[in-house]
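Asker: my questions are about this predicted structure, shown below with the sequence.
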Amino acid sequence: AARAREGAPADESALDHGLHRLRVLSAEERPAPLPAPTDRGGYILFTSGSTGWPKGVLLSHENVAHYALWAAREFGLTPDDRIGSQAALTFDLTTFDLFSAAAAGACTVLMPDLLRAFPRDVVGWLTEQRITHFVAVPSLYHGMLQQGGIADTPPAHLRVAAFGGEAFAPELLARYLDLLDNVPFYNLYGPTETNACTSYRVPSDWTADQELTIGRGIGGVHIEVLDEDGRPTDGEGEIHIAGPTVFQGYLRGGEPSDPTRTVTFRDGVARRAYASGDIGRITADGRVFLRGRRDSQIKRRGHRIDLMDVESAVLDLPQVATAAVVAKNGPYAGQIWAYAQTGATEPELLAALRDVLPKRMLPDRIVPVTTLPTTTSGKVDRRALSGDGDPVPTSTEPPGAVPTGALPTGPVLIEEIPA
């Protein structure tokens, strides 16, 4: 600290307020740019995927730059904009927050971690920090609408909102489009291995009874849907992604292992493609509709059931704000449980589902909850819900309590360290 203060401007009033002067380097003093080959590794993100074992996803400079530059253009970023960065820096949503901001010269504002547990504080933070662009998982948007009061105090400076990582409850998305009718909402899709690779600007007149597409591949990205024989299909199949956003491989033992394969797309061109594990269909004009995960399909009493179909039916119930449907493990193995954020009872919800689902697809249990557990990236924690026992996530914190393990926040002192 003593070394940091040597030669620093003696402005004690500024120090008392947790601020200090920063000297901007002149053009002559700045280090020369050091371009990196586009095919060189840019960074590594770890994802558990379906195995639960962390895998290092190696993305090149080209992978990152392609999406970052596209997003900066698509979302109209300027040096006057302020991006609200709410996700952990290890989550791929921050590619936009950090690199698109840098490309446009915009300002990135980091949201304190502890705010995520308090949606009303997130809404206040968006207004106080004059956030113009915000990218988040739907779970956070759900919370801001249901508990955060965003309907009463919509953020005045917000120009663009985007979401990805999980499904947006249709009724809640429709309410947002009505509430923030001058703010475009974008649906982004892409595994960690490909960054966001499709995009769809949701029309302002979209309604909850319409199927929501994840859009088309962003510039230079090609999407194909293959059947079980590995051929392009107009029906449902596994989504494959090719193009400049596809990663270099999983890093193990210092060397990347490349899980991609060569796929012949319907245009006759063979491309290096990544099999996403997601099930969907593609229309003649290139729009992709996501149906769920390949591993969300289970066999139950001889019938193949897609848990996403059951979850969609639960979400369509007017009494349900948001929900997650999982196949249980442990003593409840083989059972389908639905966790629903609702004021209704389990018998009421089951009675409503009997009108829309065949008996073989009805959940064994519907657990009303006040909130759904989330991962560090803000997505619904399905692994926790599918585990042994009978987890019923409820809010046990008193109003205004700081979550355990949260770091206190305060003024930040930035000091110049003289050479």
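Answerer: Great, that's in hand. Numbers count the residues shown, from 1 in each chain.
Asker: so the residue nearest to residue 345 when sequence neighbours are not counted, which of the three states?
Answerer: Residue nearest to residue 345 in three dimensions, not counting chain neighbours: residue 368, with 6.8 Å by Cβ to Cβ, 6 or more residues apart in numbering. In this view, the C-beta of every residue, glycine as well, is placed from N, C-alpha and C. Three-state assignment for residue 368 (DSSP: H, G, I helix; E, B strand; the rest coil): strand.
Asker: now residue 368: how far from residue 147?
Answerer: 16 Å (Cβ to Cβ, to the nearest Å).
Asker: repeat that for residue 329.
Answerer: 30 Å.
Asker: okay, the two: which has more neighbours?
Answerer: Per other Cβ atoms under 10 Å, whichever of residue 329 and residue 147 has more neighbours is residue 147, with 17 against 14.
Asker: hmm, the more buried one is touching residue 122, no?
Answerer: No. Contact criterion Cβ atoms under 8 Å: residue 147 and residue 122 do not qualify, at 9.9 Å.
Asker: any weak-confidence spans in the stretch 1-150 of the chain?
Answerer: For the stretch 1-150 of the chain, the stretches flagged by pLDDT under 70 are 1-24, 48-53.
Asker: quick one: the helices in it?
Answerer: 2-5, 12-16, 61-74, 94-95, 101-104, 119-128, 138-146 (DSSP state H, counting those that start in this stretch).
Asker: show me the contacts for the residue nearest in space to the middle of the chain.
Answerer: Residue closest to the average C-alpha location in the chain (Cα atoms, centre = their mean): residue 165, at 3.4 Å. By Cβ atoms under 8 Å, 6 or more residues apart in numbering, residue 165 lies in contact with 93, 137-138, 377-379.
Asker: quick one: residue 247 and residue 197, what's the gap?
Answerer: 11 Å.
Asker: residue 69 contacts residue 103, correct?
Answerer: Yes. Between residue 69 and residue 103 there is a contact under Cβ under 8 Å: 5.6 Å.
Asker: higher neighbour count, residue 247 and residue 197?
Answerer: A count of neighbours by other Cβ under 10 Å puts residue 197 above the other of residue 247 and residue 197, at 32 against 26.
Asker: need the nearest residue in space to the more buried one, chain neighbours excluded.
Answerer: Among residues not flanking residue 197 along the chain, residue 190 sits closest, at 4.1 Å (Cβ to Cβ, 6+ apart).
Asker: ok, the one you found - how many residues close by?
Answerer: Residue 190: 25 neighbours (other Cβ under 10 Å).
Asker: residue contacts, it?
Answerer: Here residue 190 is in contact with 92, 164, 196-198, 241, 245 (Cβ under 8 Å, 6+ apart).
Asker: out of those residues, grab the one that's most surrounded.
Answerer: Within the contacts of residue 190, most neighbours by other Cβ under 10 Å means residue 197, with 32 neighbours.
Asker: now the helices for the stretch 251-400 of the chain?
Answerer: Taking DSSP H, counting those that start in this stretch as the criterion, the stretch 251-400 of the chain carries its helices at 307-315, 346-353, 382-386.
Asker: right, and those helices - which one's nearest residue 227?
Answerer: Closest approach to residue 227 among the helices of the stretch 251-400 of the chain is made by helix 307-315 (18.5 Å; Cβ to Cβ).
Asker: for that closest one, packing partners?
Answerer: Where contact means 3 or more Cβ pairs under 8 Å, 6 or more residues apart in numbering; DSSP states H and E, helix 307-315 is packed against strand 288-293, strand 320-327, strand 336-342, helix 346-353.
Asker: now these as JSON lines including distance to residue 274, mean neighbour count and mean pLDDT?
Answerer: Shown next, in JSON lines, are the helices and strands packed on helix 307-315 (distance: least, Cβ to Cβ, whole Å; neighbours: other Cβ atoms under 10 Å; pLDDT from 0 to 100):
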{"stretch": "strand 288-293", "distance to residue 274": "14", "mean neighbour count": "19", "mean pLDDT": "87"}
{"stretch": "strand 320-327", "distance to residue 274": "26", "mean neighbour count": "24", "mean pLDDT": "89"}
{"stretch": "strand 336-342", "distance to residue 274": "30", "mean neighbour count": "23", "mean pLDDT": "92"}
{"stretch": "helix 346-353", "distance to residue 274": "36", "mean neighbour count": "16", "mean pLDDT": "93"}
